[in-house]
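> This is a predicted model, with the sequence first.
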Amino acid sequence: MKLETTRGIFLAVALGVTALATAVWQEPATRIVQASDCTAAEAPCPIAPPRHRASAQAEPDANLLLLVLGLSQALKGEQ
């Protein structure tokens, strides 16, 4: 088989595989979810859960303050 024929067949197969992969590849389309789309008869509304849960703000304790003070004092000693 000639080199040109082999290259042509390889190119045709490569393009065929690429076309097939493009035809099969499906991504979900983006859409806007509205409250009117959700009814009680259907499944729950597809809304993402909140990223952060509400929690009480943490207050720094004495150990953390001592650590920060110790680290700052250690940096002064190196100079």
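Nice, thanks for sending it over.

> residue ranges for the helices of this protein, please.
Taking DSSP state H as the test, the helices found in the chain are 3-24, 62-78.

> Relative to Thr6, how far out is Ala12?
Noted for Ala12: a distance of 11 Å to Thr6, by C-beta to C-beta, to the nearest Å. C-betas here are computed from N, CA, C, even on glycine.

> Quick one: neighbours of Thr30, just the number.
5 (other C-beta atoms under 10 Å).

> What values do phi and psi take at it?
Here is the backbone geometry of Thr30 (degrees, to the nearest 10): phi -80, psi 140.

> pLDDT wise, what is it at?
If you check Thr30, the pLDDT there is 76.

> what's the distance between it and Ala23?
Separation of Thr30 from Ala23 (C-beta to C-beta): 21 Å.

> again with Leu15
12 Å.

> which residues of the chain score low on pLDDT?
Within the chain, the stretches with pLDDT under 70 are 33-60, 75-79.

> Adding mean neighbour count, write the helices of the chain out as CSV.
Formatted as CSV, the helices of the chain follow (neighbours: other C-beta atoms under 10 Å):
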stretch, mean neighbour count
helix 3-24, 9
helix 62-78, 9
